[in-house]
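*Asks:* Give me coordinates for this.
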Amino acid sequence: MGWLTCYGAGEPPEVGAGQPDLTIEVAEQLAEDDPDRQPVLAVEDLHAYFATDEGVLRAVDGVSFALYSGETLGIVGESGSGKSVTCRAVIRLLPRTAHSSGSIEYGGRNLLRLPSSEIQSVRGDHIAMIFQDPMSSLNPVMRVGDQIAEALSAHRRLSAGERKMQTLELMRLVGIPAPKQRFRDYPHQFSGGMRQRVLIAIALACRPRILLADEPTTALDVTIQDQILTLLLKLREELGMSMILVSHDLAVIAETCDRVAVMYAGQIVESAPTARLLARPRHPYTVGLLRSLPRLDSGDRYLTPIAGAPPSLVDPPTGCRFYDRCPLREDACRVWKTQLLEVEEGHTTRCRRHAQVELTDA
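*Replies:* Model (predicted):
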């Protein structure tokens with residue numbers, strides 16, 4: 001799976017598995033049709049710092065984005081870029097060593113300022129999360145049915161019979177076969193793909209408005225990956241949810257997301273509608289991610305990696321954080337106070353040389 005393995009570099013990607021293609025023109029028309037739409041979630045200048053023996057680690061450093069009703073926003077970047085920490089910060093699931101600041105607006109309230117009792121009523125009920133590793137996220141000594149029902153117990157007043165009935169319905173909804181028999185099974189009795197479906201059922205138990213999916217297809221083979229992604233998109237449509245999909249795989253993002261935010265070293269370095277970003281990337285890091293994917297139209301035997309390594313987030317560069325790895329770097333980039341620049345409506349980049357990036361072969 002993945003658009004670069006199926007098409008040449010100049011072909012438009014398919015956005016949304018099993019859905020109509022969302023071309024750049026269609027995406028722009030949708031924005032024009034509803035220019036005043038309000039986001040269901042608005043994150044502004046989010047910071048998440050951790051105290052370590054080496055110093056303060058700036059895992060998320062000034063991240064801002066908006067999520068709109070019914071859309072899927074992809075957050076992509078290599079390991080350590082801050083994707084998972086961003087999602088955990090939204091529902092305040094960071095460890096005590098973390099310090100968060102900024103604004104996370106949902107339902108007219110800043111989630112970072114809510115007392116613990118109130119954030120617990122939001123977490124799982126209004127905003128739910130699918131975690132990265134189902135085997136470590138599920139309780140190995142608790143029956144699967146009871147783990148799904150636990151989410152209902154926390155937020156709904158239901159009798160034992162009603163809880164079991166809704167749990168079985170959730171298992172059917174996510175495609176777990178023979179739910180009455182599997183209800184009493186333990187996680188180790190499920191395959192990797194089925195365990196992932198259990199996590200999805202837990203997240204959807206209370207019909208949340210927003211679903212945070214953190215690498216939901218990690219360690220799954222491509223066939224199961226496709227099944228899980230298709231299921232998530234189907235459930236998003238049926239339940240009317242908005243979704244944030246975290247991945248390190250641009251091919252997955254291309255097939256599932258309406259908009260993309262590219263993260264690097266704790267910051268969003270580029271954001272745009274998916275089709276536009278894949279066709280006209282405006283940041284060298286995005287170009288590097290695209291070049292590192294396999295493609296059928298290339299005669300090269302080897303992939304093109306991004307040279308170097310990300311900077312330390314304990315002592316990040318004062319200028320562009322991609323400077324040491326960037327093929328377009330200039331001396332001025334080292335000291336440039338980075339900021340998101342709007343290169344066209346709905347498309348921003350954290351690169352002062354974005355005009356030159358447009359001319360490179362992505």
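*Asks:* where exactly do the strands run in the protein?
*Replies:* Ranges of strands in the chain, per DSSP state E, are 41-52, 55-67, 72-76, 98-106, 109-110, 127-130, 210-214, 242-247, 259-264, 267-273, 341-344, 347-349.
*Asks:* who does the shortest one pair up with?
*Replies:* Spelled out, it's strand 109-110. Strand 109-110 has the following sheet partners, assigned by DSSP bridges: strand 98-106 (antiparallel).
*Asks:* same deal with the longest one?
*Replies:* Strand 55-67 has these partner strands in its sheet, going by DSSP bridges: strand 41-52 (antiparallel).
*Asks:* Repeat that for the third one.
*Replies:* In its sheet, strand 72-76 lies beside strand 242-247 (parallel), strand 259-264 (parallel), with partners assigned from DSSP bridges.
*Asks:* Show residues contacting that strand.
*Replies:* Here strand 72-76 makes contact (CB atoms under 8 Å, 6 or more residues apart in numbering) with 65, 67, 83, 86-87, 233, 236, 242-250, 253, 256-263, 274, 289. Every C-beta, even on glycine, is put in place using the N, C-alpha and C of the backbone.
*Asks:* circling back: put together JSON lines for the strands of the chain, with mean pLDDT and mean neighbour count on each row.
*Replies:* Compiled in JSON lines, the strands of the chain are given as follows (pLDDT from 0 to 100; neighbours: other CB atoms under 10 Å):
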{"stretch": "strand 41-52", "mean pLDDT": "96", "mean neighbour count": "18"}
{"stretch": "strand 55-67", "mean pLDDT": "96", "mean neighbour count": "19"}
{"stretch": "strand 72-76", "mean pLDDT": "97", "mean neighbour count": "26"}
{"stretch": "strand 98-106", "mean pLDDT": "96", "mean neighbour count": "17"}
{"stretch": "strand 109-110", "mean pLDDT": "95", "mean neighbour count": "13"}
{"stretch": "strand 127-130", "mean pLDDT": "94", "mean neighbour count": "25"}
{"stretch": "strand 210-214", "mean pLDDT": "95", "mean neighbour count": "24"}
{"stretch": "strand 242-247", "mean pLDDT": "96", "mean neighbour count": "24"}
{"stretch": "strand 259-264", "mean pLDDT": "97", "mean neighbour count": "26"}
{"stretch": "strand 267-273", "mean pLDDT": "97", "mean neighbour count": "25"}
{"stretch": "strand 341-344", "mean pLDDT": "94", "mean neighbour count": "13"}
{"stretch": "strand 347-349", "mean pLDDT": "96", "mean neighbour count": "23"}
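*Asks:* what's the closest of the ones you listed to P179?
*Replies:* Across the strands of the chain, P179 has its closest neighbour in strand 127-130 (19.0 Å, CB to CB).
*Asks:* helices or strands up against that closest one?
*Replies:* Secondary-structure packing of strand 127-130 (3 or more CB pairs under 8 Å, 6 or more residues apart in numbering; DSSP states H and E): helix 83-90, helix 192-204, strand 210-214.
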